[in-house]
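Novice: Pasting the sequence and the predicted coordinates here, then a few questions.
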Amino acid sequence: MTESGIRIIKHIEFSKNDFINPICILGMPGIADVGKFALDSLIGQLDAQHYMDFIFDDYPAGAIVDDSLLSAPKAEILFWKDPESLRDIMLITADAQSLTPKGIYKISNFLTEIIFNLEIKLIIALGAYPVSSRKLNQKIPNIYASSTNRELLDEFLSKNKCQKIQKGVIIGANGLIPTLAKARFNIDGLVLLAETDNIAMVNEDITDLKASITLLEMLKNSFSLPIKKKYSLENLDDITKNLQNKREQLEKDLDTFQFIDTEDKKKSLYI
């Protein structure tokens, strides 16, 4: 099934009537991958099931290699059925952001329509809020909130320890999807950004796990999610060390490849 450059792969057949009071939690790649890591962690914690994948022709032109298997960059929707039948959750993430502003608008509009068709009434987007090192809360990152609904924002702030975002621009699908959903379908949106060092804006190798875990703990407390202590601020050092070991091993593996230059052509490997 293809629609305007977006190929849809549906894993399970569902209708809107199969979900109970659903909300959507969104985390796309971005600064320090704060929202992406939080969303991926939430997917694992909830053992969420795949619903739909989307392959888009404005995603980066390359294949992702995982355990020697190739796959195309994609966006995906997963779901978690609440065993208490109180609130089901749709989870949306992607392997990459679109390469162009037009592409970001296109995929954001498309995902917004999916959210509307599933009769979701609330979207919660997760991301990063870059600040200078001297302003960064080194112990527990601050969380900044904005919303498409003033009453929703005031209610959330009254129950949670976070700050308003007074001015600024949230770039990419994390900010655009809730905004378009409100404008087109009157679906309320809440954007939660955990502060991270602004050096992450120019260094793509930085992954701020502390910021991601802080978002997860706020989600757990605010929406009574069954998130365990597998990812917590207490065991952050162990998680960071494990990821650093994996990164160093990947760099060693890449060093084993030989790059050949000849007079008429140059061979190279893209990862």
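Specialist: Looks like it came in fine. Please read these numbers as outputs of a predicted model, since none were measured by experiment. Residues are numbered from 1 along each chain as shown.

Novice: quick one, strands of the stretch 1-150 of the chain?
Specialist: Using DSSP state E, counting those that start in this stretch, the strands of the stretch 1-150 of the chain run over 2-3, 6-10, 23-26, 49-56, 64-66, 69-71, 75-80, 89-94, 122-131, 143-147.

Novice: want to throw those strands into JSON lines with distance to residue 185, mean pLDDT and mean neighbour count?
Specialist: C-beta coordinates here come from the backbone N, C-alpha and C atoms, glycine included. Putting the strands of the stretch 1-150 of the chain into JSON lines (distance: least, CB to CB, whole Å; pLDDT from 0 to 100; neighbours: other CB atoms under 10 Å) gives the following:
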{"stretch": "strand 2-3", "distance to residue 185": "18", "mean pLDDT": "54", "mean neighbour count": "9"}
{"stretch": "strand 6-10", "distance to residue 185": "19", "mean pLDDT": "90", "mean neighbour count": "14"}
{"stretch": "strand 23-26", "distance to residue 185": "12", "mean pLDDT": "95", "mean neighbour count": "25"}
{"stretch": "strand 49-56", "distance to residue 185": "18", "mean pLDDT": "93", "mean neighbour count": "18"}
{"stretch": "strand 64-66", "distance to residue 185": "32", "mean pLDDT": "86", "mean neighbour count": "10"}
{"stretch": "strand 69-71", "distance to residue 185": "31", "mean pLDDT": "89", "mean neighbour count": "10"}
{"stretch": "strand 75-80", "distance to residue 185": "17", "mean pLDDT": "94", "mean neighbour count": "21"}
{"stretch": "strand 89-94", "distance to residue 185": "15", "mean pLDDT": "95", "mean neighbour count": "23"}
{"stretch": "strand 122-131", "distance to residue 185": "10", "mean pLDDT": "90", "mean neighbour count": "24"}
{"stretch": "strand 143-147", "distance to residue 185": "16", "mean pLDDT": "93", "mean neighbour count": "20"}
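
Novice: so which of those strands gets nearest residue 40?
Specialist: strand 89-94 (6.6 Å; CB to CB).

Novice: what angle sits between the closest one and strand 49-56?
Specialist: Orientation check (axes from the mean of the first three to the mean of the last three CA atoms, to 10 degrees): strand 89-94 against strand 49-56 gives 30 degrees.

Novice: residues in contact with residue 159?
Specialist: residue 222 (CB atoms under 8 Å, 6 or more residues apart in numbering).

Novice: mind running it again at 10 Å?
Specialist: Contact analysis of residue 159 by CB atoms under 10 Å, 6 or more residues apart in numbering lists 221-222.

Novice: again with residue 178
Specialist: 24, 26, 108, 112, 115, 122-125, 146-149, 170, 187-191.

Novice: Who is the closest residue to residue 129 other than its chain neighbours paired with across the strands?
Specialist: Leaving aside its sequence neighbours, residue 129 sits nearest to residue 193 (CB to CB, 6 or more residues apart in numbering; 3.7 Å). With beta bridges defined as DSSP bridges, residue 193 has these partners: residue 127, residue 144.

Novice: what bits of the stretch 151-271 of the chain have low per-residue confidence?
Specialist: 199-206, 229-271 (pLDDT under 70).

Novice: Apply 80 and report the result again.
Specialist: Residues of the stretch 151-271 of the chain that meet the criterion pLDDT under 80 lie in 197-208, 224, 226-271.

Novice: do you know how far residue 96 is from residue 228?
Specialist: Residue 96 sits 29 Å away from residue 228 when distances are taken as CB to CB, to the nearest Å.

Novice: Which one of the two is surrounded by more residues?
Specialist: Neighbour count, other CB atoms under 10 Å: between residue 96 and residue 228, residue 96 has more, with 17 against 8.

Novice: so who does the more buried one touch?
Specialist: Neighbour list for residue 96: 28-29, 36, 56, 58-60, 62, 64, 73-75 [criterion: CB under 10 Å, 6+ apart].

Novice: wait, isn't the residue nearest to residue 129 in contact with residue 165?
Specialist: Yes: Residue 193 lies in contact with residue 165 (CB atoms under 10 Å); the separation is 7.0 Å.
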